[in-house]
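Chemist: Build me a structure from this.
(one chain, ligands or ions: 2)
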Amino acid sequence: MSEEQRHPRALTIAGSDSSAGAGIQADLKTFAALEVYGLSAITAITAQNTLGVRAAFELPPELVEAQIDAVLEDIGADAAKTGMLATAPIIEAVARSVARWKLRLVVDPVMAAKSGDPLLRPEAVAALRGVLLPLAEVVTPNLPEAEMLTGRHIETLEEMREAARAIHDRGARHVVVKGGHRLDAPIDVYFDGTGFSELRAERIETRHTHGTGCTFSAAIAAFLAHGLSVAEAVAEAKRYVTEAIRHAPGLGHGHGPTEHFWQWRQSKEAQTR
Ligand SMILES: Nc1ncnc2c1ncn2[C@@H]1O[C@H](COP(=O)(O)OP(=O)(O)O)[C@@H](O)[C@H]1O
Ligand SMILES: Cc1ncc(COP(=O)(O)OP(=O)(O)O)c(N)n1
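Modeler: Ligands and ions are numbered 1, 2, ... in the order given. Below you'll find the predicted structure:
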């Protein structure tokens, strides 16, 4: 086996966030922090900061497909994730690529930024549900996204479990319904098609949660690329994102970014002690 084949590789198919807390930039930082070689296919360019999205430009679906082919024909990927896909034609192009390359896929069904600005055209929700979910090894909706995907109101843990089962019925093999939008503890519900478990963590009282969903799904893809099982990957990703939120650098005037390199910062602090 050659040197580069032994190095875990992951591909992110997502939008660019100029403030680098979410999107492609957050995914690549997560891959780097978790010692995975990161590849990218950009779907859209956003002009955004911690306060909101000012403008967005969607790329042609053929260009998205061409980016995926270019990196996979040459370098290859052990796992992939999707983030902002913006339009139905982009979703269809990505689905074609995922099927052709037989990618292990984590779908973060991004619909809006924390500021409330839309990142997916309303008419594209059907394509996400019908075309992409059946290709997903793991899908990670937050509560509003799970509501959009299932058409149900979700508040309680039991409602999160019912939503996870309904999303699994649409073809996704593993479902994590994230609880970051809950008012109390940020408990995520994990369904592997057979049983449920809960990913628990303390709520960190902070406004700096920009890109937490991107970071969580990228971490799952990174751990899959390292060869962990899905159950292990989601548990490790939960630990990683919790610490990234805890070590947030406090930047910006709105929802600031998390600290993707918290492990390095921790070990530096330990050295200076
Ligand atoms: N304040 C917080 N403290 C601890 N964990 C959080 C907090 N906010 C979100 N999380 C966790 O971060 C991950 C991303 O969740 P969420 O914020 O719901 O996603 P999204 O960014 O897609 O809206 C989940 O594991 C969630 O439980
Ligand atoms: C370009 C881009 N992609 C995705 C998001 C949404 O990121 P998410 O992790 O869901 O978190 P918030 O940004 O909503 O806090 C984004 N903002 N920009």
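
Chemist: C-alpha only now, for contacts and for neighbours.
Modeler: OK.

Chemist: With Pro249 as the reference, measure out to the residue lying closest to Ala166 once chain neighbours are set aside.
Modeler: Spatial nearest neighbour of Ala166, excluding adjacent residues (CA to CA, 6 or more residues apart in numbering): Thr150 at 6.7 Å. According to CA to CA, to the nearest Å, Thr150 and Pro249 sit 36 Å apart.

Chemist: Of these two, which one has the most company?
Modeler: Thr150 (18 against 15; other CA atoms under 10 Å).

Chemist: Return the residues in contact with the more buried one.
Modeler: The contact partners of Thr150, by CA atoms under 8 Å, 6 or more residues apart in numbering, come to 163, 166-167.

Chemist: just to revisit the earlier point, so what does the residue nearest to Ala166 look like in phi/psi?
Modeler: Main-chain torsions, Thr150, degrees, to the nearest 10: phi -110, psi -20.

Chemist: what does Ala219 give?
Modeler: Main-chain torsions, Ala219, degrees, to the nearest 10: phi -70, psi -40.

Chemist: How many residues are close by it?
Modeler: For Ala219, using other CA under 10 Å, the count is 31.

Chemist: surely it meets Thr30?
Modeler: Yes: taking CA atoms under 8 Å as the definition, Ala219 is a contact partner of Thr30 at 6.2 Å.

Chemist: What sits closest to Trp157 if chain neighbours are left out?
Modeler: I think there's a mix-up here, since residue 157 is Leu and not Trp. The shortest distance from Leu157 to any non-neighbouring residue, by CA to CA, 6+ apart, is to Val189 (7.4 Å).

Chemist: What does that neighbour show for phi and psi?
Modeler: Residue torsions, per degrees, to the nearest 10, at Val189 are phi -100, psi 130.

Chemist: where do the helices sit along the stretch 101-250 of the chain?
Modeler: Secondary structure of the stretch 101-250 of the chain (DSSP state H, counting those that start in this stretch): helices located at 125-127, 143-150, 157-169, 212-225, 230-246.

Chemist: Out of the ones you listed, which one sits most buried?
Modeler: Comparing the helices of the stretch 101-250 of the chain by mean neighbour count (mean count of other CA atoms under 10 Å), helix 212-225 comes out on top with a mean of 29.
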